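**Q** Sharing a model prediction with you, sequence too.
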Amino acid sequence: NSHRPRALSAPFWLGGPTMASDYTPAAEGIPQYFLPMLDDRDRNLKYHAAITAAIRQFKAEQRRPPRVLDVGVGTGMLSAICLEAGCASVTGL
């Protein structure tokens, strides 16, 4: 049973379509809390606001965009938010 990612009109963390409604994870290996956590718009919007504010402040103080190190990158959502907010690059480990 294969699942292909669907095209989203807006990132799900910014209020686009949710993932949980049409995504079935593998039977093993994904904790039960994981998809609802990713689908938590309030949480994700707060991450987005905080990251955007931090990058904006860094750019104002340092007069250059930051380079970000995402340790424990996971899904890449926070890395994507950093890039969207204007950082120069993201290195994920």
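**A** Cool, the structure landed.
**Q** which strands and helices sit next to the longest helix belonging to the chain?
**A** With DSSP state H setting the assignment, residue counts place helix 41-62 as the longest helix in the chain. Helices and strands touching helix 41-62, by 3 or more Cβ pairs under 8 Å, 6 or more residues apart in numbering; DSSP states H and E, are helix 77-85. C-betas here are computed from N, CA, C, even on glycine.
**Q** and the residue nearest to G92 when sequence neighbours are not counted, how many neighbours does it have?
**A** Distances taken as Cβ to Cβ, 6 or more residues apart in numbering place V73 nearest to G92, at 3.4 Å, with adjacent residues excluded. Residues near V73, counting by other Cβ atoms under 10 Å, number 14.
**Q** Contact partners for V73?
**A** V73 makes contact with 79, 92-93, according to Cβ atoms under 8 Å, 6 or more residues apart in numbering.
**Q** Kindly write the ChimeraX command that selects the buried subset of those.
**A** In ChimeraX syntax, the buried subset of those is picked out as below (16 or more other Cβ atoms under 10 Å):
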select :79
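**Q** Output the contacts of V73 in TSV; the columns should cover distance to K59.
**A** Below are the contacts of V73 laid out as TSV (distance: Cβ to Cβ, whole Å):
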residue	distance to K59
S79	18
G92	21
L93	24
